[in-house]
Each structure stands twice: as structure tokens, then as C-alpha cells.
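Trainee: fold the stuff below for me.
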Amino acid sequence: MLFRALRRRGLVLSLLLVVWLAPRPGVFPSRAVASPSADGALVGSWRLVTHLEAPLPADAIRFVEMAPDGTLWLRGYDAADTTRADWVAALDQAGGWRVFPTLPAAVEEVAAAGTSRASLPDLWVVDDAGRMWIGADFYVAGAWRRADTGSADLRLASRALLDPSGGVWVPFNECPQPDRCDAEGLAGFAASATLEQVIRPDPAPEAGQYGVADLHLIGMPSYHPGTPRAAWIVARRDLYLPPDTAAVAYPLLDRPAPPDPRNAGYATAAALSPDGRLTVVTWVEVHGEQDVVHRVLANTWLGGSWSDPVDLTDAPLFAAGAEFLRPVAMALVSPVGAAAAEPTLWLASSAGEIAVRRGQRWVAHFTAEALGLPHPNGIRDLCAGSAGRVYAATDHGLLVFVPGTTSVRTAYLPIARQSRR
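Mentor: Numbering: from 1, shown residues only. As a prediction, this is how the structure comes out:
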């Protein structure tokens, strides 16, 4: 009798604990905290989006982007079966989730709604004719069509970028042989959906082992008639400004004439500031006459040249040295209540850590353990949200930083897996 009573009481206590740990509507369990201080340090906490909040098909997220209407879009994949098509999820401003089994399914619904058809280069782009592109496939008048590549044998990716002339650029691998498909490039399609130009950036294969993306496609669309549109292709070795196919070297990574030594390095992360300026973070191995120094630099594109590099090597991410670590993702966030202030830099490393810089000071450092990431190379993308929020796409789910919160509750509930429809 006593045993049954105790077992019943234990069951009740377990249920109460689950209820207490379960996220309320619009609230996520905390993962890490930046403590407040009088010297301006960051105040807020990271929270994990759980399966109770969002029924995502899998936990690995590749890209996260914020649409102009405030909708947060995720592009994820199944880490256990990478042959499956990427899934997509959207979080609207009211806190409602929509989950799509494939990227084309999301495009078809967005096109049918006729609203919020802004270009999101890591998901789709919308050209001047209203066609929605996923790689070289585009959706128009209720049907899918494919751009004409002519005789070129290209394995085209499912990402695209719209340039100021209305052309669409799609990453590809060139396949000279069935068992060899490793020459990365970009195919430029004219408004007629025919292949017109090709860019072949210099490779930097070493970067891949650190989780560094091969390309960053960044576009600033025109939302109003007469306003300019801009596009940047941030390749590992050079910057491109399509439709121009000329390569622009990053600071300290130009190609000096022999016998001058050439530095090693590549671009690792890129983002737009709130005022529309492009910043590219590079990892550079500086070759001097007597020694070699490893540096992490932030470089801002001024329209015709680069700004003077800002040295980020003093970040707590690289306290043990920058030789064997790389920055892998970044976001530039407007400070809450200070629209004219310099944006805050959020920087993620290949060790699964995130650091935050305001002005000349690093004000927060989150380790992989504090974020709940079980192993390095877990952070794929960072995105600035509204009201100072920051979203992190990881191999283990979606993290969101909520400013002003200091809760230390930790409830890890793995995201549920669902069969695709």
C-alpha cells in the first residue's frame, strides 16, 4: 500500500515537473545567460526552440533569414539522411509556425498568398517578372520551369541571388566526369532565363573542414520604385559584385607580384549592417619577414573600396589563438532604443561559441557548453531579429537570444522528427 502511494506521488511530481519545464506560448527554455553589469555588458539569455513550440521535421538547420514583414524563415535538413530535400519552416510575428516538407512547397504557398514575396537568397529570389527562383528552377503562373543551361553540364545548387540588372546567379559544381564534380562556380542567367555568364572563384578547400561556407549570397532588394538594388557574392578568396564578374580581393589577401610574400586566408562570414553596408570577416595568415601571425579581420565594403580592417583577433573566441579556429557566422544588430548607434557584432566560431562586440569592447561570450551544443562546428548561421533578438541556426536546433531576460531555467527537449508528407 505504501509503495503504491509513493509511486503514485512520484508520478504526480514527475507530471508537475514536466508541466513546469514545458515552454509557455511564445516562451523558450533558457540555454545560457549573459549577466548584467554596470559597465554595459549584454543582458539577456539564449533559449532553445523545442518541439512543443515548433514541430520541425528535423533538428539540423542550415539557414535562418528574416523577411521584411517580420517573418522568420528556417531552412533545415535531415542530418541522418542528407539525400532528402530540405524542409522549410516560418515563424510569423504572432508566434504561429508553418512547416513545409520541401522548399518548393513553401514557394508555392507564398506565391499563392501573393504577399511577402521578398527575395531571401538562402531560400528563394523573386525577379522583376515575379518569378520565384530556387536555384535554376523558377515558379511562375502555377508551374515550375527550369532555366536553359545550353550545353553546359552543371550541377546547380538550390540557392540563387538577384543582381541589380535583373539577372539571377546560381552556385554550381561542374561535372567533367561522373565521379568528379568539384569545380565550384556561379552561373549567371539573363532575364530570358538563359545562361549568359559564369564566375569561377578561386577555391580554398581548407576552409571547409572548419565549417566555413563556400559562398555567401547577399542581396539588398529594392522595395520602392527608383531605389537601388545591390548584390554581393562573398566567395572565400574574393568578392564579386554581379553582374560584374571581376574579382575584388579582400584586404591583406591581394596577390602581390613575386618575390613579395603572399598572405594566406579567406572570407569566413558576411552580413549586412542595418544601414545596408556589407561587412566581410576574414581569417588571414600574415606572412612577415621573420614570423607568421594569424588574424581575424572585419572589412566593410564602401562601394568602391574596402575600409581599414578592424582587428577582431582579441575576441574571447580566439583566446587560445586564431591558428586553429575560424569565425563561421555573423550578424550585425541595431542596439535596442539606439537607432543611430553603431550596430552590435555577433560572431560565431568553429568551436560552437558566440561572442558579442559593442564599439571597441567585447561584452559577452557564450561557450558551446553554455549554448548546449554537444560538439564543434554546430553553428551554421546567425540572423538579426526585431527588438534586439538574435537567432542561431545550428545542427541541433534553433536558438534565440532574448535581451533583458536573465532566467536560468534549462529544459532540453529534443525537436521531434516527423515523416514528410
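Trainee: specify the beta-bridge partners of the residue lying closest to residue 54 once chain neighbours are set aside.
Mentor: Once flanking residues are discounted, residue 54 sits nearest to residue 97: 4.7 Å by Cβ to Cβ, 6 or more residues apart in numbering. C-betas here are computed from N, CA, C, even on glycine. With DSSP bridges as the criterion, residue 97 is bridged to residue 91.
Trainee: which residue ranges of this protein form helices?
Mentor: Along the chain, counting by DSSP state H, helices occupy 2-21, 103-113, 368-371.
Trainee: what mean pLDDT does the longest one get?
Mentor: In this case it means helix 2-21. Helix 2-21 shows a mean pLDDT of 44.
Trainee: go on, the second one?
Mentor: Confidence over helix 103-113, taken as the mean pLDDT, stands at 93.
Trainee: could you do stretch 249-266 as well?
Mentor: Taken as a whole, stretch 249-266 has an average pLDDT of 87.
Trainee: first to last residue in that stretch, what's the distance?
Mentor: Its start and end residues considered, stretch 249-266 measures 10 Å (Cα to Cα, to the nearest Å).
Trainee: how far off centre is that stretch?
Mentor: In this view, stretch 249-266 has its centroid 27 Å away from the chain centroid, taken as Cα atoms, centre = their mean, to the nearest Å.
Trainee: buried set for that stretch?
Mentor: Within stretch 249-266, the residues that count as buried by 16 or more other Cβ atoms under 10 Å are 250, 251, 252, 253, 263, 265, 266.
Trainee: was I right to think the residue nearest to residue 54 contacts residue 55?
Mentor: Yes: with contact defined as Cβ atoms under 8 Å, residue 97 reaches residue 55; the gap is 7.2 Å.
Trainee: and residue 259, how far is that from residue 252?
Mentor: Distance of residue 259 to residue 252, computed by Cβ to Cβ, to the nearest Å: 18 Å.
Trainee: scratch that, residue 99
Mentor: In terms of Cβ to Cβ, residue 99 sits 44 Å off from residue 252.
Trainee: ok, now residue 246?
Mentor: 19 Å.
Trainee: which residues does the closest residue to residue 343 other than its chain neighbours contact?
Mentor: In space, residue 343 comes closest to residue 332 once its chain neighbours are excluded; the distance is 4.2 Å by Cβ to Cβ, 6+ apart. Residue 332 is in contact with 271, 272, 273, 274, 279, 343, 344, 345, 346, 384, counting by Cβ atoms under 8 Å, 6 or more residues apart in numbering.
Trainee: didn't residue 162 look like it was pressed against residue 168?
Mentor: Yes: Residue 162 is in contact with residue 168 according to Cβ under 8 Å; the separation is 5.8 Å.
Trainee: identify the contacts common to those two.
Mentor: What both residue 162 and residue 168 touch, as defined by Cβ under 8 Å, 6+ apart, is the set 125, 127, 133.
Trainee: find the nearest non-adjacent residue to residue 139, please.
Mentor: Here the residue nearest residue 139, using Cβ to Cβ, 6+ apart, is residue 132, at 4.6 Å.
Trainee: ok, how many other residues are close to that neighbour?
Mentor: Using other Cβ atoms under 10 Å, residue 132 has 23 other residues around it.
Trainee: distance check, residue 234 against residue 169.
Mentor: Taking Cβ to Cβ as the criterion, residue 234 is separated from residue 169 by 12 Å.
Trainee: with residue 100 instead?
Mentor: From residue 100 across to residue 169, the span is 24 Å (Cβ to Cβ).
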